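Peer 1: Below: sequence and its predicted model.
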Amino acid sequence: LDPSEIAYLLGRSGTTKNRLSNFSGARFDIKGVEAGGVIEIIGTPEERELARLCVDITLQQRNAGKVACDVVALETRRDICWLDVPNECVVFIMGAKGAMLRGFE
């Protein structure tokens, strides 16, 4: 990973890293931050798989929030819950800079 990706995954004071760890149950060991680096994901196979998905989606959010994912594959996961939200409510659910949505995590 390049240094900007590492910085984005760490977040301010490690908040993004901690959020991803709490969500997935896996532990993240980030090495070589200054010159780009490697993220070691530690946990059960299920935790590691979910953590990898979280990392992929989080890094995609750097590009104006556009995320590409296999929705059909995600729908079959037991650890993901889907909720239909009317278009007029999306702004409320997101909150200022995504704060409300992050609170649901």
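Peer 2: Now that the structure is in, tell me what you want to look at.
Peer 1: So which elements touch the helix or strand residue 21 falls within?
Peer 2: Residue 21 belongs to helix 15-24 when assigned by DSSP states H and E. Here helix 15-24 touches helix 3-10, strand 27-31, helix 45-60, going by 3 or more Cβ pairs under 8 Å, 6 or more residues apart in numbering; DSSP states H and E. In this view, the C-beta of every residue, glycine as well, is placed from N, C-alpha and C.
Peer 1: Can you give the strand pairings for the second one, parallel or anti for each?
Peer 2: When sheet partners are counted by DSSP bridges, strand 27-31 sits next to strand 38-42 (antiparallel).
Peer 1: so how many other residues sit close to residue 95?
Peer 2: As a burial measure, residue 95 scores 13 neighbours (other Cβ atoms under 10 Å).
Peer 1: looking at it, it is touching residue 101, isn't it?
Peer 2: Yes. The pair residue 95 / residue 101 is scored as a contact, 6.2 Å apart, by Cβ atoms under 8 Å.
Peer 1: before we move on, the earlier item: could you check the angle helix 45-60 makes with the helix holding residue 21?
Peer 2: 140 degrees (axes from the mean of the first three to the mean of the last three Cα atoms, to 10 degrees).
Peer 1: could you give the mean pLDDT of helix 15-24?
Peer 2: Taken as a whole, helix 15-24 carries a mean pLDDT of 92.
Peer 1: in it, what's buried?
Peer 2: For helix 15-24, the buried set under the neighbour-count rule, 16 or more other Cβ atoms under 10 Å, comprises 16, 17, 20, 21, 24.
Peer 1: Taking helix 3-10 as reference, get the angle to it.
Peer 2: Angle, helix 15-24 to helix 3-10, by the same axes, to 10 degrees: 60 degrees.
Peer 1: Low-confidence stretches in this structure?
Peer 2: 33-36, 63, 65, 104-105 (pLDDT under 70).
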